[in-house]
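Chemist: Fold the stuff below for me.
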Amino acid sequence: MIKAYAEGKDLYGVIASMCFHNNYEDNLEFHPVTKVLQPEGKARRSRAKTLLLGLNYGMSSKSLAERLNSSIKEAESITEEFYSGFTGVDEYTKKSKDMLRKLGYVTDAYGRRRRIPDALLPDFTIKERNSSSKNFNPLLNTRGDYINDFVRD
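Modeler: Okay, the predicted model is just below:
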């Protein structure tokens, strides 16, 4: 990624060329030499952008597949291509997650801290006490029927 920035290349175009196995120039909205509009290139660049931002924010393969309008298997394959092309990203992500779980914050390349105190809270799952109702809303502590009755005119 640093090399792409140093060369003045579009990062999403570089990622797209790696994940979709084609030339960098074919993944841009406009061809850098001919200046011709490339709708397919723009679409691939957009998919690469979704991939990078999704992975940065912890998006699952299922969610990524929905965003990319592809199968889960294809989304997993694209993700593997990304991580194999940028080998340090996966390790950096794992270290950041570990740091967050242990300390409640992460640091960026410049040493700035981003505190996320909720990361130190224990994991929890909201479960329904009475399994007979499938319309239970744990946030309101009500059954769905009550809400529907309340909202009706």
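Chemist: residue boundaries of the helices in this structure?
Modeler: 2-6, 11-19, 39-56, 61-68, 72-85, 87-103, 144-151 (DSSP state H).
Chemist: Buried deepest among those helices, which one?
Modeler: Across the helices of the chain, averaging neighbours per residue (mean count of other CB atoms under 10 Å) puts helix 11-19 on top, at a mean of 22. For the C-beta atoms, the positions are set from N, CA and C on the backbone; glycine is no exception.
Chemist: Other residues contacting it?
Modeler: For helix 11-19, contacts defined as CB atoms under 8 Å, 6 or more residues apart in numbering pick out 1, 4-5, 22-28, 41, 44-49, 51-52, 78, 81-82, 85-86.
Chemist: For it, what does the pLDDT average out to?
Modeler: On average, the pLDDT along helix 11-19 is 93.
Chemist: One more: stretch 93-109?
Modeler: Taken as a whole, stretch 93-109 carries a mean pLDDT of 91.
Chemist: How about Asp90: what's its closest non-neighbour residue?
Modeler: Spatial nearest neighbour of Asp90, excluding adjacent residues (CB to CB, 6 or more residues apart in numbering): Tyr83 at 4.7 Å.
Chemist: which non-adjacent residue is nearest the residue nearest to the spatial centre of the chain?
Modeler: For the chain, the residue nearest the mean C-alpha position is Gly54 (1.3 Å; CA atoms, centre = their mean). Residue nearest to Gly54 in three dimensions, not counting chain neighbours: Leu64, with 5.0 Å by CB to CB, 6+ apart.
Chemist: so how far is Asn22 from the one you found?
Modeler: In this view, Leu64 and Asn22 are 20 Å apart by CB to CB, to the nearest Å.
Chemist: what does Leu53 give?
Modeler: As for Leu53, its distance to Asn22 is 21 Å (criterion: CB to CB).
Chemist: confidence score at the spatially closest residue to Ala65 that is not a sequence neighbour?
Modeler: Nearest residue to Ala65, sequence neighbours excluded (CB to CB, 6+ apart): Ala75, at 3.9 Å. On the pLDDT scale, Ala75 is placed at 92.
Chemist: Let me see the contact set for Ala75.
Modeler: Shown in contact with Ala75 (CB under 8 Å, 6+ apart): 61-62, 64-65, 68.
Chemist: Go again with 10 Å.
Modeler: Counting by CB atoms under 10 Å, 6 or more residues apart in numbering, Ala75 touches 50-51, 54, 59-69.
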